[in-house]
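Asker: everything below, folded, please.
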Amino acid sequence: MLSSKNLWLKSRSKKSKQSRLTHSKRPNSIRKKPKLELKNQATALAPTEDEEYEQTEEGIFSLKNSAQSHSHGVQPLGNLYFSSSSINSRNTGLGNLQILTDELVLEILAFLSGAQLGVLSTVSKSFYVFCNQEPLWRNLVLDTCQNGFLYNGTWKNTFVSAYRCSFMIVSSGVRIRDFYSDYLFQSWLCANLEMKSEWLERDNIVRRRGISVDEFISSFEEPNKPVLLEGCLGKWPAMKKWDREYLVEVCGDTEFSVGPVQMKLEDYFRYSDQVKEERPLYLFDPKFGEKVPQLGMDYEVPEYFSEDLFSVLGSERPDYRWIIIGPAGSGSSFHIDPNSTSAWNAVVRGSKKWVLFPPDVVPPGVHPSPDGAEVACPVSIIEWFMNFYNATKTWAKRPVECICKAGEVIFVPNGWWHLVINLQDSVAITQNFASRRNLLNVLDFLKRPNASTLVSGTRDRVNLHEKFKNAIERALPGTIDELKLKAEEKSKKLSFWESVADSKVGAFKFSF
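Answerer: Residues are numbered from 1 along each chain as shown. You can find the predicted model right below:
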């Protein structure tokens, strides 16, 4: 007999067949478009108002606060089968609009102003629930508060406080009975789930400490393999200085890029301390060194990554370094780093879970467009772990995984898919670079026919290839031709088994 906690998942994956996808050209852009089919997963029945979540024997759920339930009383659709009433107030309150999917209802409501949402929320219990969905108010704040905001507990309260709205808005604390929606419940669930232990236990990345630069190049950079380097940051002043108090003091009123808005660091910390949502905003700023020179002086590039050929472009080089600050649960969904560059990511505070797939393996649940300009993937990182992570255990090419802690650096080779989620409040530095090992890849990428849609981090996407190639030839004459010659020689040096397996190479081949 199915337990009630397993029934919800079964009804959800068979009945609603709903999983949400986000489409993006950048790893940290604001994403609004949903979604894809929900994959098989183990789930639990949501508690009623008087129940609490418990972890099942399989360790399915671990909520951040086990005593809490959905703020408006929304329950997954499977709970309707256990209700003494067959009425779903979601449908009765929407009237003729009940035939629309939940995500379509929200997309329509996204066209309304705050005042219109406030008025519509008084029409019915169903409209009250939909009009109080936090993503609607989040988008209103981000669309209208380009110069930052002071987060006030919820996105709706933040919007009301920012504009001192004179229109009447019903309290957001009302709980509605008999409202069933997998789509709305999953959004809340993803915001409240913590990472399961089984999602964190796999750590199969190669770790190295104190290796030489030559060994790094021959063992990892040339074969394009990730590695986690330990003990690289001991001389960084940032490792001792970069606590919250220091950062707020040294940054002062400087504003940093947080999604589509600019915020002072103190205001961002106010947000990150209070927020509890699927996709917490990430402070991800490419100009931090210019804005606050002291931050740039508090760290140095590890010797393994000292060759950075894009530096020949000077001030015209694409964005290449970022300070990254975010609360637990924030991060970047699956993406490949821009412009075919490789990258390193150093954790100064906190820790990060990494999942990486080689260039020839597209992660499950991820759907890149044919030209690579857009990538559709689950709305939140937690959702990917819930719906797709277990599938990778049976794959022949399993992902490379690790937890990167403070003081450690991960090397991300060019072309590798990767997902990152902060397990704690974290501060990190990351830089993208092109060395001799991937220079030809970068040049090939920059001259693609659709380069204007693929190249990022620069205003002049069309001419970047010629600018970069000419600058390399001036600074390092003959380097490109030398690398091409080596690449051709390498491609001709087939192993014995490669030669006998290819009918066009060698004097013979085996037949069976």
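Asker: can you read off the pLDDT for the spatially most central residue of the chain?
Answerer: Taking CA atoms, centre = their mean, the centroid of the chain lies closest to residue 332, which sits 1.8 Å from it. For residue 332, the model assigns a pLDDT of 93.
Asker: is it within a helix or a strand, and which one?
Answerer: For residue 332, the host element (DSSP states H and E) is strand 331-335.
Asker: and the next helix or strand after that strand, how far out from the chain's middle?
Answerer: Downstream of strand 331-335, the next assigned helix or strand under DSSP H and E is strand 342-349. Offset of strand 342-349 from its chain centre (CA atoms, centre = their mean, to the nearest Å): 15 Å.
Asker: partner strands of strand 342-349, with direction?
Answerer: strand 408-412 (antiparallel), strand 426-433 (antiparallel) (DSSP bridges).
Asker: any idea of the mean pLDDT for the last one?
Answerer: The reference is to strand 426-433. For strand 426-433, the mean per-residue pLDDT is 97.
Asker: and after it, which helix or strand comes next?
Answerer: Downstream of strand 426-433, the next assigned helix or strand under DSSP H and E is helix 439-446.
Asker: other residues contacting that following helix?
Answerer: Outside helix 439-446, the residues within contact range by CB atoms under 8 Å, 6 or more residues apart in numbering are 309, 339-341, 414-415, 434, 451, 454-455, 464-465, 468-469, 472, 479-480, 483-484, 487. Glycine gets a C-beta too; all of them are placed from N, C-alpha and C.
Asker: any of those residues buried? List them.
Answerer: 309, 339-341, 414-415, 434, 451, 454-455, 464-465, 468-469, 472, 480, 483 (16 or more other CB atoms under 10 Å).
Asker: quick one, what contacts the closest residue to residue 344 other than its chain neighbours?
Answerer: Excluding its sequence neighbours, the residue lying closest to residue 344 (CB to CB, 6 or more residues apart in numbering) is residue 305, at 5.1 Å. Going by CB under 8 Å, 6+ apart, residue 305 touches 344, 411, 431, 433, 435.
Asker: alpha carbons of stretch 389-403, as PDB, please.
Answerer: Output of stretch 389-403 as PDB, limited to C-alpha atoms (Å, rounded to 0.1, in the frame of the first residue of the first chain):
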ATOM      1  CA  TYR A 389      19.900  14.100 -10.000                       C
ATOM      2  CA  ASN A 390      19.200  10.500  -9.300                       C
ATOM      3  CA  ALA A 391      19.100   9.700 -13.000                       C
ATOM      4  CA  THR A 392      22.800  10.500 -13.300                       C
ATOM      5  CA  LYS A 393      23.700   7.600 -11.000                       C
ATOM      6  CA  THR A 394      23.200   5.100 -13.800                       C
ATOM      7  CA  TRP A 395      24.800   7.100 -16.500                       C
ATOM      8  CA  ALA A 396      28.000   5.700 -18.100                       C
ATOM      9  CA  LYS A 397      29.500   9.200 -18.000                       C
ATOM     10  CA  ARG A 398      28.600  10.300 -14.500                       C
ATOM     11  CA  PRO A 399      29.100  13.900 -13.500                       C
ATOM     12  CA  VAL A 400      32.100  15.200 -11.700                       C
ATOM     13  CA  GLU A 401      31.000  16.400  -8.300                       C
ATOM     14  CA  CYS A 402      32.500  18.100  -5.200                       C
ATOM     15  CA  ILE A 403      32.000  20.500  -2.400                       C
END
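Asker: and that stretch, how far out from the chain's middle?
Answerer: With CA atoms, centre = their mean, you get 18 Å for stretch 389-403.
Asker: the contacts of residue 305 into JSON lines, with extra columns for distance to residue 129 and neighbour count?
Answerer: Formatted as JSON lines, those follow (distance: CB to CB, whole Å; neighbours: other CB atoms under 10 Å):
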{"residue": "344", "distance to residue 129": "45", "neighbour count": "19"}
{"residue": "411", "distance to residue 129": "46", "neighbour count": "24"}
{"residue": "431", "distance to residue 129": "44", "neighbour count": "18"}
{"residue": "433", "distance to residue 129": "48", "neighbour count": "22"}
{"residue": "435", "distance to residue 129": "53", "neighbour count": "20"}
